[in-house]
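Participant: could you work out the structure for the sequence below:
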Amino acid sequence: MPNVQVVDMQGKNVGSVDLAESIFGIEPNAAVMHQMVVSYLANQRQGTQSALTRSEVSGGGRKPWRQKGTGRARQGSTRAPQWYHGGVVFAPKPRDYRFSVNKKVKRLAMKSALSSKAQAEEIIVIDSITFDEIKTAKAAAMLKAVGSEKKALIVLPEVDEKAIKSARNIPGVKTAQVNEMNVYDILNADKLIIAKDALTKIEEVYA
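Facilitator: Numbers count the residues shown, from 1 in each chain. Sure thing, here's the model as predicted:
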(Lines give C-alpha, C1' and ligand atoms only; values in the text may rest on other atoms or scores of the structure.)
Protein backbone atom coordinates (compact mmCIF):
# COMPACT_ATOMS: atom_id res chain seq x y z
CA MET A 1 0.00 0.00 0.00
CA PRO A 2 1.53 3.36 -1.04
CA ASN A 3 2.36 5.68 1.82
CA VAL A 4 3.05 9.43 1.62
CA GLN A 5 4.08 12.07 4.12
CA VAL A 6 1.51 14.64 5.19
CA VAL A 7 2.78 18.21 5.49
CA ASP A 8 1.28 21.52 6.50
CA MET A 9 1.24 24.68 4.37
CA GLN A 10 4.67 25.61 5.71
CA GLY A 11 6.11 22.30 4.49
CA LYS A 12 6.55 20.79 7.96
CA ASN A 13 5.97 17.06 8.31
CA VAL A 14 2.85 16.39 10.40
CA GLY A 15 2.41 12.66 9.80
CA SER A 16 1.80 10.16 7.02
CA VAL A 17 -1.15 8.58 5.28
CA ASP A 18 -1.72 5.29 3.45
CA LEU A 19 -3.10 5.62 -0.06
CA ALA A 20 -5.75 3.17 -1.21
CA GLU A 21 -4.11 0.34 -3.15
CA SER A 22 -7.07 0.05 -5.54
CA ILE A 23 -6.72 3.71 -6.60
CA PHE A 24 -3.09 4.68 -6.14
CA GLY A 25 -1.41 1.29 -6.42
CA ILE A 26 -2.58 -0.27 -9.68
CA GLU A 27 -0.47 -0.85 -12.79
CA PRO A 28 -1.09 2.28 -14.93
CA ASN A 29 -2.83 1.56 -18.24
CA ALA A 30 -1.19 3.85 -20.81
CA ALA A 31 -3.78 3.12 -23.52
CA VAL A 32 -6.80 4.31 -21.54
CA MET A 33 -4.90 7.36 -20.24
CA HIS A 34 -4.04 8.27 -23.84
CA GLN A 35 -7.68 7.84 -24.84
CA MET A 36 -8.83 10.18 -22.07
CA VAL A 37 -6.21 12.81 -22.92
CA VAL A 38 -7.23 12.76 -26.60
CA SER A 39 -10.89 12.99 -25.59
CA TYR A 40 -10.20 15.91 -23.24
CA LEU A 41 -8.23 17.87 -25.85
CA ALA A 42 -10.82 17.15 -28.56
CA ASN A 43 -13.60 18.36 -26.28
CA GLN A 44 -11.76 21.66 -25.78
CA ARG A 45 -11.88 22.45 -29.50
CA GLN A 46 -14.50 25.02 -30.47
CA GLY A 47 -14.99 23.61 -33.94
CA THR A 48 -15.96 27.03 -35.36
CA GLN A 49 -13.38 27.17 -38.17
CA SER A 50 -15.07 27.96 -41.47
CA ALA A 51 -14.20 29.00 -45.02
CA LEU A 52 -16.19 29.43 -48.23
CA THR A 53 -16.25 26.93 -51.07
CA ARG A 54 -16.47 28.04 -54.72
CA SER A 55 -20.24 27.69 -54.60
CA GLU A 56 -20.45 30.13 -51.67
CA VAL A 57 -18.23 33.04 -52.74
CA SER A 58 -19.81 35.89 -54.66
CA GLY A 59 -19.41 36.41 -58.43
CA GLY A 60 -18.21 34.04 -61.11
CA GLY A 61 -21.50 33.77 -62.92
CA ARG A 62 -20.07 34.03 -66.44
CA LYS A 63 -17.24 32.33 -68.27
CA PRO A 64 -14.25 34.73 -68.16
CA TRP A 65 -13.30 34.14 -71.80
CA ARG A 66 -14.20 31.82 -74.65
CA GLN A 67 -13.06 28.22 -74.52
CA LYS A 68 -10.77 28.21 -77.56
CA GLY A 69 -8.61 30.54 -79.59
CA THR A 70 -7.29 32.91 -76.95
CA GLY A 71 -4.03 31.08 -76.22
CA ARG A 72 -4.87 31.07 -72.53
CA ALA A 73 -5.87 28.14 -70.36
CA ARG A 74 -9.55 27.34 -70.39
CA GLN A 75 -11.48 28.75 -67.45
CA GLY A 76 -15.07 28.25 -66.43
CA SER A 77 -15.41 30.63 -63.49
CA THR A 78 -13.45 33.38 -61.76
CA ARG A 79 -14.40 31.80 -58.46
CA ALA A 80 -12.45 28.59 -58.99
CA PRO A 81 -9.79 27.98 -56.30
CA GLN A 82 -6.85 29.21 -58.43
CA TRP A 83 -8.40 32.68 -58.86
CA TYR A 84 -8.09 35.61 -56.50
CA HIS A 85 -11.23 35.64 -54.32
CA GLY A 86 -11.89 32.07 -55.43
CA GLY A 87 -13.37 29.44 -53.15
CA VAL A 88 -11.34 27.15 -50.90
CA VAL A 89 -10.86 23.51 -51.89
CA PHE A 90 -12.30 21.20 -49.22
CA ALA A 91 -13.08 24.24 -47.06
CA PRO A 92 -13.29 23.57 -43.30
CA LYS A 93 -16.79 23.86 -41.87
CA PRO A 94 -18.06 24.09 -38.27
CA ARG A 95 -18.11 20.67 -36.66
CA ASP A 96 -18.22 19.04 -33.26
CA TYR A 97 -14.97 17.27 -32.36
CA ARG A 98 -16.31 15.82 -29.11
CA PHE A 99 -16.42 12.10 -28.49
CA SER A 100 -17.44 10.22 -25.40
CA VAL A 101 -15.60 7.61 -23.38
CA ASN A 102 -17.51 5.02 -21.39
CA LYS A 103 -17.62 5.22 -17.61
CA LYS A 104 -15.47 2.16 -16.88
CA VAL A 105 -12.67 3.47 -19.09
CA LYS A 106 -12.87 6.88 -17.39
CA ARG A 107 -12.52 5.30 -13.95
CA LEU A 108 -9.62 3.11 -15.04
CA ALA A 109 -7.87 6.08 -16.66
CA MET A 110 -8.27 8.19 -13.52
CA LYS A 111 -6.92 5.42 -11.29
CA SER A 112 -4.05 4.87 -13.72
CA ALA A 113 -3.16 8.57 -13.69
CA LEU A 114 -3.25 8.72 -9.88
CA SER A 115 -1.21 5.52 -9.61
CA SER A 116 1.40 6.83 -12.03
CA LYS A 117 1.80 9.94 -9.88
CA ALA A 118 2.10 7.83 -6.75
CA GLN A 119 4.75 5.61 -8.37
CA ALA A 120 6.70 8.68 -9.48
CA GLU A 121 6.45 10.11 -5.94
CA GLU A 122 4.80 13.24 -7.31
CA ILE A 123 1.91 13.36 -4.83
CA ILE A 124 2.01 15.84 -1.96
CA VAL A 125 -0.67 15.61 0.75
CA ILE A 126 -1.32 18.75 2.80
CA ASP A 127 -3.26 18.43 6.04
CA SER A 128 -5.36 21.53 5.30
CA ILE A 129 -5.31 24.16 2.55
CA THR A 130 -6.93 27.30 3.90
CA PHE A 131 -6.47 30.98 3.10
CA ASP A 132 -7.79 33.75 5.31
CA GLU A 133 -7.52 36.22 2.41
CA ILE A 134 -6.95 36.22 -1.33
CA LYS A 135 -3.18 36.44 -1.54
CA THR A 136 -1.15 35.11 -4.48
CA ALA A 137 2.09 35.49 -2.51
CA LYS A 138 0.75 33.17 0.18
CA ALA A 139 -0.15 30.50 -2.38
CA ALA A 140 3.30 30.84 -3.99
CA ALA A 141 4.96 30.53 -0.56
CA MET A 142 2.97 27.35 0.15
CA LEU A 143 4.04 25.79 -3.16
CA LYS A 144 7.67 26.66 -2.52
CA ALA A 145 7.50 25.27 1.03
CA VAL A 146 6.17 21.90 -0.13
CA GLY A 147 8.69 21.66 -2.97
CA SER A 148 6.45 22.42 -5.93
CA GLU A 149 7.78 25.35 -7.95
CA LYS A 150 6.80 24.13 -11.42
CA LYS A 151 3.45 22.98 -12.80
CA ALA A 152 1.07 21.85 -10.08
CA LEU A 153 -2.53 20.72 -9.70
CA ILE A 154 -4.05 21.59 -6.34
CA VAL A 155 -7.01 19.37 -5.46
CA LEU A 156 -9.47 20.87 -2.98
CA PRO A 157 -12.31 19.05 -1.18
CA GLU A 158 -14.81 21.78 -2.10
CA VAL A 159 -15.04 25.21 -3.72
CA ASP A 160 -12.82 27.65 -1.85
CA GLU A 161 -12.83 31.06 -3.55
CA LYS A 162 -9.90 32.38 -1.52
CA ALA A 163 -7.69 29.40 -2.35
CA ILE A 164 -8.74 29.33 -6.01
CA LYS A 165 -8.18 33.07 -6.55
CA SER A 166 -4.90 33.02 -4.64
CA ALA A 167 -3.49 30.36 -6.95
CA ARG A 168 -4.97 31.25 -10.32
CA ASN A 169 -2.39 33.91 -11.28
CA ILE A 170 0.58 31.62 -10.68
CA PRO A 171 1.87 30.29 -14.04
CA GLY A 172 1.41 26.54 -14.44
CA VAL A 173 -0.77 26.16 -11.34
CA LYS A 174 -4.35 24.88 -11.52
CA THR A 175 -6.94 24.16 -8.86
CA ALA A 176 -9.76 21.61 -9.03
CA GLN A 177 -12.34 20.00 -6.81
CA VAL A 178 -12.45 16.20 -6.61
CA ASN A 179 -15.36 15.98 -9.07
CA GLU A 180 -13.56 18.29 -11.54
CA MET A 181 -10.27 16.41 -11.81
CA ASN A 182 -9.32 15.10 -15.22
CA VAL A 183 -6.58 12.80 -16.46
CA TYR A 184 -4.95 15.46 -18.65
CA ASP A 185 -4.42 17.94 -15.80
CA ILE A 186 -3.10 15.20 -13.48
CA LEU A 187 -0.55 13.95 -16.02
CA ASN A 188 0.38 17.47 -17.14
CA ALA A 189 1.27 18.57 -13.60
CA ASP A 190 4.74 18.04 -12.15
CA LYS A 191 3.22 17.75 -8.68
CA LEU A 192 -0.25 16.65 -7.57
CA ILE A 193 -1.04 18.53 -4.37
CA ILE A 194 -4.02 17.07 -2.51
CA ALA A 195 -5.70 18.42 0.61
CA LYS A 196 -6.19 15.60 3.13
CA ASP A 197 -9.98 16.03 3.10
CA ALA A 198 -9.91 15.86 -0.71
CA LEU A 199 -7.91 12.62 -0.52
CA THR A 200 -10.70 11.09 1.57
CA LYS A 201 -13.25 12.14 -1.05
CA ILE A 202 -11.15 10.71 -3.89
CA GLU A 203 -11.03 7.35 -2.13
CA GLU A 204 -14.81 7.48 -1.58
CA VAL A 205 -15.56 8.34 -5.20
CA TYR A 206 -13.19 5.85 -6.87
CA ALA A 207 -13.31 3.01 -4.33
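Participant: C-alpha from now on. contacts and neighbour counts both.
Facilitator: OK.
Participant: residue 139: neighbouring residues, count only.
Facilitator: Using other Cα atoms under 10 Å, residue 139 is surrounded by 25 other residues.
Participant: tell me the first helix or strand C-terminal of the host helix or strand of it.
Facilitator: Using DSSP states H and E, residue 139 maps to helix 136-145. Going down the chain from helix 136-145, the next helix or strand is strand 152-156, by DSSP H and E.
Participant: so what does that following strand touch, helix or strand wise?
Facilitator: When contacts are defined as 3 or more Cα pairs under 8 Å, 6 or more residues apart in numbering; DSSP states H and E, strand 152-156 packs onto strand 173-177, strand 191-195, helix 196-206.
Participant: now the helix holding residue 139: mean pLDDT?
Facilitator: Averaging pLDDT along helix 136-145 yields 92.
Participant: now do the strands in the protein.
Facilitator: 3-7, 13-18, 123-126, 152-156, 173-177, 191-195 (DSSP state E).
Participant: quick one: which of those is nearest residue 136?
Facilitator: The minimum distance between residue 136 and these falls on strand 173-177, with 11.3 Å, by Cα to Cα.
Participant: and the closest one, which strands flank it?
Facilitator: strand 152-156 (parallel) (DSSP bridges).
Participant: give me the distance from the partner strand to the chain's centre.
Facilitator: In this view, strand 152-156 has its centroid 13 Å away from the chain centroid, taken as Cα atoms, centre = their mean, to the nearest Å.
Participant: over to stretch 78-88?
Facilitator: Distance, centroid of stretch 78-88 to centroid of chain: 39 Å (Cα atoms, centre = their mean).
Participant: contact partners of that stretch?
Facilitator: By Cα atoms under 8 Å, 6 or more residues apart in numbering, the list of residues contacting stretch 78-88 from outside reads 51-60, 63-64, 89.
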